[in-house]
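Colleague: next input, structure requested:
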Amino acid sequence: QAQLQESGGGLVQAGDSLRLSCKNSGHPLINNYMAWFRQVPGKEREFVASISWGGRTTEYADSVKGRFTISRDNAAVTVYLQMSSLQQEDTAVYYCAGNSDLWKVTGRGQNEYDLWGQGTQVTVSS
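Modeller: Next up, the predicted model:
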């Protein structure tokens, strides 16, 4: 069973950069789609970015396109989310997610992912 653990969140100022990491300490997910979602209180969890098993295919929410970059290091069983030009609207709990089905192209719906981390808080101040 894969176990996902996010790290790297914190308090930053608008315009700053931050890199989130998602380390898998369980069964490797090197042949699986991975993604990042985020959630603010009172709102639904929203898709941020996803990456295919080989890292060749990535997708981004329009709100973060051009500012965030998702990547993965399969040797390190870690997925990253590099965030730059952060805005107050990016304040949220960020979750790492994985699809345990091998070789399955996965979309943007949170229901398509069955593995989740505990989340890491990102707060962007003005």
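Colleague: which strand or helix spans the spatially most central residue of the chain?
Modeller: The centre of the chain sits closest to residue 36, judged by C-alpha atoms, centre = their mean, with a distance of 2.2 Å. Assigned by DSSP states H and E, residue 36 belongs to strand 34-39.
Colleague: where do the helices of the protein begin and end?
Modeller: Counting by DSSP state H, the chain yields no residue ranges for helices.
Colleague: the residue nearest to the centre of the chain - nearest residue in space that isn't next to it in sequence?
Modeller: Among residues not flanking residue 36 along the chain, residue 48 sits closest, at 4.3 Å (C-beta to C-beta, 6 or more residues apart in numbering). Any C-beta I mention is one placed from the backbone N, CA and C, and that applies to glycine too.
Colleague: ok, now which ones touch that neighbour?
Modeller: Neighbour list for residue 48: 35, 36, 37, 38, 60, 61, 64, 68, 70, 81, 94 [criterion: C-beta atoms under 8 Å, 6 or more residues apart in numbering].
Colleague: now, which of the residues you listed sits nearest residue 23?
Modeller: Nearest to residue 23, judged by C-beta to C-beta, of those is residue 81 at 12.7 Å.
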